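Novice: Following is a predicted model, sequence given first.
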Amino acid sequence: MMHTVQQHDGYLTGQCLVAMPSMGDPRFEGAVIYICAHTEEGAMGIVINRPMQEISFPDIVDQLGIEPTAHCEQIRVQFGGPVETMRGFVLHTRDYENEGTLFVDDSTALTATLDVLRAIAEGQGPGRAIMALGYAGWGAGQLDGELKENVWLTVPADRRLLFETALEDKYNAAMARLGIDPRLLSEDAGHA
């Protein structure tokens, strides 16, 4: 089954990747990744469905000298990917911006500065946000090669999938958008 996605200049910025069962990389098994940037130089994305149990958002802001408040309790820290795992990235709605904000598409932005963490703690941050440690990165042509090898499926992203669907339901919700029941996929799917 072929699925056509709306791409920006032939790239997948603003789309989600969904790992096929044949992935073979435990870091991305069952992952849904929101692509924040995809150009001929490479791609960068944030895993949006992998919670980190060992650290909380109040812990992070406290370590950075920001006073944790009740607003901090609403944000769950997630594994954003295996690159720069000590660096924080906030994927959020476009109702917040500062100098370091990257606008990904019409509804989503990415900020990786202390200002956004402080704003969230003070209740002045974005309406919806995902706090991730690390990101997923691909070199020039690498993601395109993985797509040709059927490692990933592509799915349109929107506010509901990114910010309103429960973490544990995002993989199945993304697959359902393609009309696929993940239980019916074998590890050899897509290979002749």
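Specialist: Okay, I see it. Numbering: from 1, shown residues only.

Novice: ok, what's across the strand from the residue most central in space within the chain?
Specialist: When Cα atoms, centre = their mean is applied to the chain, the residue found nearest the centroid is residue 46 (3.1 Å). Beta-bridge partners of residue 46, counted by DSSP bridges, are residue 34.

Novice: Touching, it and residue 36? I think so.
Specialist: Yes: counting by Cβ atoms under 8 Å, residue 46 does reach residue 36; the two are 6.3 Å apart. From N, CA and C alone the C-beta is placed, and that goes for glycine too.

Novice: so what sits against both of those two?
Specialist: Residues touching both residue 46 and residue 36 (Cβ atoms under 8 Å, 6 or more residues apart in numbering) are 91, 110, 135.

Novice: which of those tops the neighbour count?
Specialist: Most neighbours among those, by other Cβ atoms under 10 Å: residue 91, with 27 neighbours.

Novice: That residue sits in which helix or strand?
Specialist: strand 83-93 (DSSP states H and E).

Novice: and what of residue 147?
Specialist: Going by DSSP H and E, residue 147 is part of helix 142-148.

Novice: what's the next secondary structure element after that helix?
Specialist: Next in sequence after helix 142-148, counting helices and strands by DSSP H and E, comes strand 152-156.

Novice: so what does that following strand touch, helix or strand wise?
Specialist: Contacts defined by 3 or more Cβ pairs under 8 Å, 6 or more residues apart in numbering; DSSP states H and E place strand 152-156 against strand 15-19, helix 142-148, helix 170-177.

Novice: So what touches it?
Specialist: 3, 5-6, 12, 15-20, 32, 143, 146-147, 161, 174-175, 177-178, 180.

Novice: Would you pull up how far the next helix or strand after it lies from the middle of the chain?
Specialist: Using DSSP H and E, the helix or strand that follows strand 152-156 in sequence is helix 159. Using Cα atoms, centre = their mean, to the nearest Å, the distance from the centre of helix 159 to the centre of the chain it belongs to is 12 Å.

Novice: Stretch 150-160 now?
Specialist: Centroid separation for stretch 150-160 versus its chain: 10 Å, with Cα atoms, centre = their mean.

Novice: now do stretch 17-25
Specialist: From the chain centre to the centre of stretch 17-25 is a distance of 15 Å (Cα atoms, centre = their mean).
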